[in-house]
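>>> below is the sequence, then the predicted model.
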Amino acid sequence: MTGVLRFHLALALVSAACFAQSANESNPAPTTSPQQTASSAKVVDGAATPVPENKAVAVTAANPLGEARSFYRKGDFTAAIAKYEEVLKVQPKSPDAYAGLVRVYLKQKNVEQAAQVVEQGLAQSDSPRIHVARGEVWFRQGKITEAEAEWVKVINAGYPEARAYLGLARVRRALAMYKTERAMITKAHQLDPDDPEIQQQWAGTLAREERIKYLESSIAGDNNWNPDEKENIESYITYLKEFAKRNERPCRLVSDVTATTAPLVPLLRDAHNLRGYGLSVVLNGHKSALMLDTGAGGILVTRSIAERAGISKITENKVGGIGSKGRRNAYIGIADSIKVGDLEFQNCPVEVMESHSVVGQDGLIGADVFQKFLIELDLADSRFKLSELPKRPGEVGQKPVLKSEDEDSGEESSEDTASDKAEAKSAEAKTSASSGPQDRYIAPEMQSYTRVLRFGHDLLVPTMIGNVPYKLFLMDTGAFGNSISPAAAREVTKVSGDSHMTVKGISGSVDKVYSANKAVLQFGHLRQENQDMVSFDTTSLSDSIGTEISGFLGFALLRFLDIKIDYRDALVDFEYVDKPR
């Protein structure tokens with residue numbers, strides 16, 4: 001296969017609430033699809049249970065375990081490893097030392113080493129602490145069903161392990177079970193408020209002012225964030241403060257209509273070949289065709305488009321995605337008006353890339369910005385449609401909004417004004433539906449939809465490759481063709497280098513590109529045979545969201561489908577349209 005494939009994955013600004021999320025449902029059969037299992041695992045609180053192993057330990061010279069934890073939380077991973085290994089020389093069955101080592105290696109993105117250590121630990125001690133760490137390794141490897149089952153088993157056995165509740169919170173979030181996620185992270189924080197990963201996820205439950213204080217305190221003190229994470233958090237703090245200074249209502253719909261239909265704009269790769277589809281988006285009165293990208297988050301435009309629309313800088317930022325050139329300079333601004341079809345939104349954030357193009361385009365618009373709508377991408381008929389999502393039982397209708405950068409999926413925005421909150425309280429008085437985060441609701445008409453896993457703006461589709469257990473593939477209309485990671489491809493076929501293929505994204509070209517022989521992909525109700533699939537390493541993307549991305553379902557496949565997306569409930573319907581184009 002020859003030619004140039006362009007991939008991109010625009011990374012939205014990282015909030016402290018979205019550091020490591022995960023997904024799937026219970027039943028621990030390894031070949032079961034995540035979409036087929038039911039998140040019905042019973043979790044017992046464990047009130048009168050054995051004393052947890054992870055009681056707080058004072059850090060002293062005579063306490064190498066305490067020192068190791070301290071090094072880990074400060075980000076000195078080399079010293080932490082040395083201390084944990086020192087403990088194991090004296091106490092070769094220490095659950096805390098094995099679990100601590102696993103977490104250090106995971107933080108270093110050394111998943112293979114973490115997997116080896118956790119199995120070594122279990123060979124020495126069948127400790128709940130090490131089983132929880134094994135769940136964390138499986139979670140990162142994309143074995144979500146097995147990870148969830150491991151954590152549930154520990155808790156139901158009477159061990160109130162804080163990290164087990166943290167893991168379940170990540171699972172529930174990816175399943176759009178936001179109310180249950182809140183309960184799990186609250187429990188984890190009660191059990192171990194000093195654990196840095198628990199703190200980071202718990203911070204997402206805080207109101208804006210409290211969140212700013214927490215983040216400022218954390219970034220000024222000891223932390224184990226890498227430079228990119230620190231840079232993201234500093235930018236996020238600045239954004240929150242600057243937006244608060246504007247004293248304006250957050251991004252919201254101002255037109256009377258709550259549904260619209262618009263044609264999809266063809267975007268060409270060359271004079272004869274279709275590259276993808278875009279939307280006609282009017283920013284502050286200036287029209288642009290932005291690529292509609294289910295693999296991107298938010299709105300990202302070039303500086304020339306932003307300058308023409310009069311979008312001024314609020315805070316500097318960086319964006320990144322596919323490619324080996326690192327993250328690119330960008331900034332965040334606010335668009336006074338954004339129009340798509342018959343809908344108009346006001347006061348909405350826009351990311352601006354300091355370059356002449358965004359992967360050859362004027363910009364991208366992630367489908368997730370319409371997450372409060374039911375989205376229909378009829379790519380086979382070049383049509384885009386937004387409509388209201390099915391109401392939960394007892395729910396009062398509310399105007400949909402565009403996603404705000406400060407809004408956590410499925411939760412109320414922390415930027416609501418006093419009048420907004422008064423309106424919400426008035427609406428709540430008229431309905432039995434509870435306010436705050438809600439769990440996934442699958443309406444009767446959506447029972448046939450595919451249950452996907454949501455990590456921020458990314459929708460991961462359980463996909464079978466041949467007869468191996470399900471893998472997670474990113475649904476990406478911005479990627480031209482299907483692709484697969486070399487590790488996943490080698491489970492079913494041969495992989496060889498391909499010097500004629502180039503893969504490009506926001507972060508430049510991919511260093512090494514391979515070709516995988518025939519692979520059969522099955523997802524939703526569909527099955528497709530692929531010859532000579534493009535293959536490249538997806539580790540950096542997998543590291544960024546916290547679970548394994550084994551490939552991409554790209555535009556060349558998706559263009560023949562009518563796709564309906566419910567971001568609120570992490571549901572997607574794929575319908576093959578059998579008609580010529």
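Sure thing, it's come through. Residues are numbered from 1 along each chain as shown.
>>> show me where pLDDT drops low in the protein?
The model of the chain has pLDDT under 70 over residues 1-62, 318-327, 355-360, 397-435, 497-515, 531, 579-581.
>>> and the next element down the chain from the longest helix anywhere in it?
Using DSSP state H, we find that the single longest helix of the chain is helix 227-246. Next helix or strand after helix 227-246 toward the C-terminus (DSSP states H and E): strand 252-253.
>>> and that next one, which strands flank it?
strand 343-353 (antiparallel) (DSSP bridges).
>>> can I get the CA coordinates of the strand it pairs with in PDB?
Only the C-alpha atoms of strand 343-353 are listed here, as PDB (Å, rounded to 0.1, in the frame of the first residue of the first chain):
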ATOM      1  CA  LEU A 343     -28.000  26.800  16.000                       C
ATOM      2  CA  GLU A 344     -26.000  29.700  17.600                       C
ATOM      3  CA  PHE A 345     -23.900  29.400  20.700                       C
ATOM      4  CA  GLN A 346     -22.200  32.200  22.500                       C
ATOM      5  CA  ASN A 347     -19.100  32.700  24.700                       C
ATOM      6  CA  CYS A 348     -17.400  29.400  23.800                       C
ATOM      7  CA  PRO A 349     -13.700  28.400  24.100                       C
ATOM      8  CA  VAL A 350     -11.700  27.800  20.900                       C
ATOM      9  CA  GLU A 351      -8.100  26.400  20.700                       C
ATOM     10  CA  VAL A 352      -5.900  28.100  18.200                       C
ATOM     11  CA  MET A 353      -2.800  26.400  16.700                       C
END
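>>> immediately after that strand, which helix or strand?
strand 363-366.
>>> tell me what that following strand is packed against?
strand 274-283, strand 286-293, strand 299-302 (3 or more Cβ pairs under 8 Å, 6 or more residues apart in numbering; DSSP states H and E). (Glycine included, C-beta is placed from N, CA and C.)
>>> recalculate using a threshold of 7 Å.
strand 286-293, strand 299-302 (3 or more Cβ pairs under 7 Å, 6 or more residues apart in numbering; DSSP states H and E).
>>> extract the C-alpha set from the first one and format it as CSV.
Going back to what we said before, that points to strand 286-293. Only the C-alpha atoms of strand 286-293 are listed here, as CSV (Å, rounded to 0.1, in the frame of the first residue of the first chain):
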residue,chain,number,x,y,z
HIS,A,286,-16.6,34.5,9.5
LYS,A,287,-17.3,31.1,7.8
SER,A,288,-14.8,28.3,7.7
ALA,A,289,-15.0,24.6,6.8
LEU,A,290,-13.7,22.7,9.7
MET,A,291,-13.0,18.9,9.5
LEU,A,292,-15.6,17.0,11.6
ASP,A,293,-13.4,14.7,13.7
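>>> picking up where we left off before, what angle do the longest helix of the chain and strand 343-353 make?
Here the directions of helix 227-246 and strand 343-353 differ by 140 degrees (axes from the mean of the first three to the mean of the last three Cα atoms, to 10 degrees).
>>> show me the domain layout of this structure.
For the chain, the structural domains run 3-13+444-576, 16-26+56-245, going by automatic domain parsing.
>>> circling back to that earlier point, and the helices and strands packed on strand 363-366 as CSV, adding mean neighbour count and distance to E181?
Shown next, in CSV, are the helices and strands packed on strand 363-366 (neighbours: other Cβ atoms under 10 Å; distance: least, Cβ to Cβ, whole Å):
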stretch, mean neighbour count, distance to E181
strand 286-293, 21, 26
strand 299-302, 26, 27
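>>> can you redo those as a markdown table with distance to R269?
Conversion of the helices and strands packed on strand 363-366 to a markdown table gives the following (distance: least, Cβ to Cβ, whole Å):
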| stretch | distance to R269 |
| --- | --- |
| strand 286-293 | 12 |
| strand 299-302 | 19 |
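>>> quick one: which of those is nearest V87?
strand 299-302 (46.6 Å; Cβ to Cβ).
>>> what's in contact with whatever helix or strand comes next after that closest one?
Counting by DSSP H and E, the next helix or strand C-terminal to strand 299-302 is helix 303-309. Here helix 303-309 makes contact (Cβ atoms under 7 Å, 6 or more residues apart in numbering) with L283, N284, H286, S288, G333, A335, V350, V352, M353, E354, D362, G363.
>>> just give the closest residue to the first one, not the sequence neighbours.
So the one you mean is L283. A309 (4.0 Å; Cβ to Cβ, 6 or more residues apart in numbering).
>>> quick check, central residue of this structure?
For the chain, the residue sitting closest to the mean C-alpha position, by Cα atoms, centre = their mean, is F455 at 2.2 Å.
>>> phi, psi of that one?
When read as degrees, to the nearest 10, the backbone of F455 gives phi -120, psi 90.
>>> how far away is it from V87?
Here the criterion is Cβ to Cβ, to the nearest Å. By it, F455 lies 34 Å from V87.
>>> then T294?
46 Å.
>>> if we go by neighbour counts, what in the longest helix of the chain is buried?
Neighbour-count burial for helix 227-246 flags E229, E231, N232, I233, E234, S235, Y236, I237, T238, Y239, L240, F243 (criterion: 16 or more other Cβ atoms under 10 Å).
>>> so what's K107 up against?
F77, N224.
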